[in-house]
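S.K.: Got a predicted structure plus its sequence, pasted below:
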Amino acid sequence: MGNSEQTILLVSDDATLCATARREFEARITGLRVATVSSVAAARRILEGNSPAVILLEEASVAAEAGEPRGIAPRLDAVVTSLAVHAPVVVIGAAEKRAELSALIDAGVADYVPRNGGNLLATLGPVQRRLEQAQKMAASTSDQLMQGEADFGEVLRHELNNPLTGILGNAELLLVEIHRKNDGRIPHGGEQRLETIAALAVRLRETVRRLSHEWEARQHPVH
């Protein structure tokens with residue numbers, strides 16, 4: 001790992017888990033800071049202005065949010081998809097919940113680690129891999145484009161892959177639900193999926209705009 005600081009955003013209302021994660025991860029990974037929030041809603045407020053390298057989500061913290069009917073929690077895959085707009089998500093939770101995220105895991109958007117009591121070591125591997133990917137990506141975009149060391153097509157492919165995967169994944173899941181119910185209505189959670197698709201489309205637009213500016217600067221340097 002490099003010397004630059006990276007941040008994990010841990011979403012959990014378990015104070016013991018948060019304290020253990022901060023101690024274990026910061027001791028084992030150089031240059032890492034663990035920030036914690038107790039709810040998905042709080043995480044979304046932070047993510048409006050800052051994107052961590054990795055989001056570590058405790059599955060049990062996904063509870064009913066404002067606007068949801070009492071006792072009805074949002075779908076885990078919908079929550080993970082909305083968070084993955086900002087950073088890769090590593091979910092820690094009950095083993096039987098993994099199946100709900102199989103499409104996102106297969107697409108490379110998320111990882112799932114079964115919770116084993118308070119032992120977080122099982123999450124260390126996926127978290128480190130995601131941190132290394134983020135660090136390599138940061139090193140291979142702006143600086144290397146400006147220096148002419150990176151292939152623009154490769155950088156573009158890496159930058160656009162995650163939002164495109166999220167758009168396709170959400171669209172496919174939404175279509176499956178629509179076809180299954182076949183009642184002409186948007187299924188439960190459908191509006192959130194559409195909002196996520198829209199957010200990912202905005203991210204794609206901004207990414208293309210940023211890379212275009214960097215490419216222009218590379219082609220026409222200011223002397």
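M.R.: All right, it came through fine. In this text the structure is predicted, and so the values were computed from the model without any measurement. Numbers count the residues shown, from 1 in each chain.
S.K.: Look at residue 49 and give its secondary structure.
M.R.: At residue 49 the chain is in coil, as set by DSSP: H, G, I helix; E, B strand; the rest coil.
S.K.: what's the spacing between it and residue 41?
M.R.: For residue 49, the distance to residue 41 equals 15 Å [Cβ to Cβ, to the nearest Å]. C-beta: built from backbone N, CA, C; applies to glycine.
S.K.: Which of those two has more residues huddled nearby?
M.R.: Per other Cβ atoms under 10 Å, whichever of residue 49 and residue 41 has more neighbours is residue 41, with 12 against 6.
S.K.: Contacts for stretch 156-172, please.
M.R.: 81, 84-85, 88, 103-104, 107-109, 137, 140-141, 193-194, 196-197, 200-201, 203-204, 207-208, 211 (Cβ atoms under 8 Å, 6 or more residues apart in numbering).
S.K.: Spatially nearest residue to the most centrally placed residue in the chain (excluding sequence neighbours)?
M.R.: Taking Cα atoms, centre = their mean as the criterion, residue 84 is the residue nearest the geometric centre of the chain, at 2.5 Å. Nearest non-adjacent residue to residue 84, counting by Cβ to Cβ, 6 or more residues apart in numbering: residue 109, 4.8 Å away.
S.K.: For that neighbour, give me the pLDDT.
M.R.: Residue 109 is assigned 79 on the pLDDT scale.
S.K.: what do you get for residue 175?
M.R.: Here, the pLDDT recorded for residue 175 equals 84.
S.K.: I'd like to know how far it sits from residue 127.
M.R.: Going from residue 175 to residue 127 by Cβ to Cβ gives 32 Å.
S.K.: more neighbours, the two?
M.R.: residue 127 (25 against 11).
S.K.: picking up where we left off before, any idea of the pLDDT on the residue nearest to the centre of the chain?
M.R.: Residue-level confidence at residue 84 comes out at 82, pLDDT.
S.K.: surely it meets residue 110?
M.R.: Yes: under the criterion of Cβ atoms under 8 Å, residue 84 makes contact with residue 110 at 6.3 Å.
S.K.: between those two, what contacts are shared?
M.R.: Counting by Cβ under 8 Å, 6+ apart, the residues touching both residue 84 and residue 110 are residue 104.
S.K.: residue ranges of the strands in the chain, please?
M.R.: 6-11, 32-37, 54-58, 89-93, 110-114 (DSSP state E).
S.K.: Please produce a markdown table containing the ones you listed, extended by mean neighbour count and distance to residue 185.
M.R.: Shown next, in a markdown table, are those (neighbours: other Cβ atoms under 10 Å; distance: least, Cβ to Cβ, whole Å):
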| stretch | mean neighbour count | distance to residue 185 |
| --- | --- | --- |
| strand 6-11 | 24 | 31 |
| strand 32-37 | 18 | 33 |
| strand 54-58 | 25 | 29 |
| strand 89-93 | 24 | 29 |
| strand 110-114 | 22 | 28 |
